[in-house]
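**Q** Mind looking at a prediction? Sequence and model below.
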Amino acid sequence: MDDERVLFHAFRAGASGLYRIDVTTRAVEQLEYGPSLRSGLSVDRAGRYIVQSFSSLEAGDEISVFDRETGETRLVTSWNRALLEEHPPARWERFEVRRDEFTIEAWLLFPPDFDPAKRYPLVLAIHGGPNSFYGYGFDPTRELLATNGFLVVYANPRGSTSYGRRFAQQVRRDWGGQDYLDLMAVVDQVLERPYVDRERLGVWGYSYGGYMTAWIIGQTDRFKAAVCGAPAFDLESMYGTSDISHVFGELQWGGPPHAEREWYEAHSPSTFAHRARTPTLIVHGEADERCPIGQGEQMFVALVKAGCEVEFVRYPGGSHGVLWEGPSEHRHDFLTRILDWFRSHLGGPA
């Protein structure tokens with residue numbers, strides 16, 4: 001902005017904000033904050049207008065402009081308006097769960113034609129990372145499920161970003177520990193509502209969310225269907241095959257396998273997969289370097305040996321981002337499969 005002040009965009013509590021920092025005093029001033037997720041940053045020569053890509057739970061992906069003089073944000077595109085008028089997005093509600101010293105932020109998505117007199121299946125959606133977050137952005141998978149008769153709950157358990165360094169570091173050397181219990185507490189709170197059918201629960205996650213999905217089905221049989229994407233299933237084998245785990249793994253897991261073998265065993269879903277009984281769909285890109293295809297292969301074999309109903313879908317040439325950046329036919333195939341899997345195992349509103 002000038003020699004002493006810098007404009008920047010940052011995420012806080014699952015949402016985007018614009019901030020200004022004084023490089024001399026280190027004082028930070030919030031210019032704008034709201035229930036959306038944005039990226040990029042382009043400023044006009046006068047420094048009045050700030051342009052960003054914009055995503056919200058109501059609008060999908062658009063372009064927004066923030067006016068520093070008026071303090072107003074407006075959307076200057078409407079690419080998705082006609083579609084969303086014809087096919088309304090999910091309704092939503094934010095809520096909180098208190099565990100120990102931490103407040104866990106969560107969201108519940110409702111079908112557009114939600115009827116509280118009916119009973120609905122519930123799907124828990126788990127983000128990747130673990131140092132990532134969910135929030136106020138439009139997500140095609142969650143929207144697909146919610147607009148087809150499912151309640152969808154998602155949360156930011158300890159380890160998530162956008163809540164400060166200390167909260168994000170809680171997951172180090174505790175994969176499958178308090179993060180898992182945070183998520184179960186979120187589900188338990190939603191189950192107190194009369195329109196949620198506790199006998200028809202599903203779980204879905206990708207990457208670290210895939211790790212947590214694989215972990216969950218080895219810890220409990222409360223979920224009647226699971227969709228597991230690109231999981232970290234066996235942490236010891238992942239340490240030597242992933243493109244980052246020889247560094248990332250030591251940071252998250254406390255050291256290499258030979259130095260932390262008991263920890264690796266205690267926190268790997270592979271250790272508990274023989275107990276799994278939840279019907280599970282595994283999806284994985286064959287060219288995934290982050291969570292290599294071998295992780296999905298190991299999980300598939302373990303669930304077959306456990307007598308669990310399981311299907312394994314492999315996307316040729318698919319990277320770790322295949323469900324978001326891969327060929328359109330792969331993305332369409334995945335969305336069709338996840339909807340069909342939950343429909344066939346959980347049913348619809350009753």
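**A** Perfect, I can see it now. All values reported here derive from a predicted model rather than from experimental measurement.
**Q** what residues does stretch 163-170 touch?
**A** Outside stretch 163-170, the residues within contact range by CB atoms under 8 Å, 6 or more residues apart in numbering are 12-13, 102, 105, 131, 133, 156, 158-161, 178-179. Yep, even glycine has a C-beta here, placed from its N, CA and C like the rest.
**Q** What residues sit buried inside stretch 185-202?
**A** Neighbour counts over stretch 185-202 (16 or more other CB atoms under 10 Å) mark 185-187, 189-190, 196-197, 200-202 as buried.
**Q** Pick the one among these closest to residue 63.
**A** Set against residue 63, the nearest of the buried residues of stretch 185-202 by CB to CB is residue 186 (32.9 Å).
**Q** Phi first, then psi, for the closest one.
**A** Note on residue 186: its backbone torsions stand at phi -60, psi -50 [degrees, to the nearest 10].
**Q** Show me which residues of the helix ranked longest in the chain are buried.
**A** Assignment by DSSP state H gives helix 328-346 as the longest helix of the chain. Buried residues in helix 328-346, counted by 16+ other CB under 10 Å: 330-331, 333-334, 338-339, 341-343, 345-346.
**Q** Give the other helices and strands that the helix or strand hosting residue 303 contacts.
**A** Residue 303 is part of helix 293-305 when elements are defined by DSSP states H and E. Helices and strands touching helix 293-305, by 3 or more CB pairs under 8 Å, 6 or more residues apart in numbering; DSSP states H and E, are helix 235-241, strand 280-285, strand 310-315.
**Q** This structure: helices as residue ranges?
**A** 81-86, 140-146, 165-169, 178-190, 208-219, 235-241, 245-253, 261-267, 293-305, 322-325, 328-346.
**Q** So which bits of the second one are buried?
**A** It refers to helix 140-146. Buried positions in helix 140-146, judged by neighbour count with 16+ other CB under 10 Å: 141-146.
**Q** which one of these is nearest residue 260?
**A** So of the buried residues of helix 140-146, ranked by how close each gets to residue 260 (CB to CB), first place is residue 141, at 33.6 Å.
**Q** And for the closest residue to residue 104 other than its chain neighbours, the neighbour number?
**A** Nearest in space to residue 104, with sequence neighbours left out and distances taken as CB to CB, 6 or more residues apart in numbering, is residue 97 at 4.5 Å. Neighbourhood size, residue 97 [other CB atoms under 10 Å]: 20.
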